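Engineer: Quick check, what structure comes out for this input:
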Amino acid sequence: QVQLVESGGGLVRPGGSLRLSCAASGFTFSDYAMSWHRQAPGKARELVALITTTGGSTNYANSVKGRFTISRDNAKNTVYLQMSSLKPEDTAVYFCLAHWGSSNYWGQGTQVTVSS
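Structural biologist: The predicted model follows:
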């Protein structure tokens, strides 16, 4: 069955870094664009970063440009989100999404908390 499993979240101080991973199984990973989204308490889920099937193109929310980097390894069926210069406002549950046409698969999310 389709699975997307995020990992790498945790508690980090402002200015720190974390790398999130999302391991995929149960579908042809290289056919799917991948993205990271986040949802803070009381707020709507928002797109953070997106990467195309080959990794040749990426897009970022303005709020994370220059601080976050999305990448993927199609041989490992994994997408990553490298987060640097973290701010308290980056605190949220982070989700990965696989999408191709009308097919969308979500992971269960991983908590990222930025606090001193």
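
Engineer: Show me what counts as buried in the lowest-mean-pLDDT helix or strand in the chain.
Structural biologist: Lowest on mean pLDDT, DSSP states H and E among the helices and strands of the chain sits strand 103-106, with a mean of 94. Using 16 or more other Cβ atoms under 10 Å as the test for burial, strand 103-106 gives Y105. All C-beta atoms are positioned from the backbone trio N, CA, C, and that covers glycine.

Engineer: Find the residue at the geometric middle of the chain.
Structural biologist: W36 (3.0 Å; Cα atoms, centre = their mean).

Engineer: show me where this structure has strands.
Structural biologist: 3-7, 10-12, 18-25, 33-39, 46-51, 58-60, 68-73, 78-83, 92-100, 103-106, 110-114 (DSSP state E).

Engineer: Within the sheet, what are the partner strands of the first one, with directions?
Structural biologist: In the sheet containing strand 3-7, its partner strands are strand 18-25 (antiparallel), by DSSP bridges.

Engineer: Could you do the second one as well?
Structural biologist: Pairing partners of strand 10-12, with direction, according to DSSP bridges: strand 110-114 (parallel).

Engineer: before we move on, what about the fourth one?
Structural biologist: With DSSP bridges as the test, strand 33-39 is paired with strand 46-51 (antiparallel), strand 92-100 (antiparallel).

Engineer: pull the CA atoms of the shortest one into CSV?
Structural biologist: Yep, that's strand 46-51 we're talking about. Taking C-alpha atoms only, strand 46-51 is exported to CSV below (Å, rounded to 0.1, in the frame of the first residue of the first chain):
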residue,chain,number,x,y,z
GLU,A,46,0.4,25.9,3.5
LEU,A,47,2.8,24.9,0.7
VAL,A,48,6.5,25.3,1.8
ALA,A,49,8.4,23.8,-1.2
LEU,A,50,7.9,21.8,-4.3
ILE,A,51,10.2,19.7,-6.5
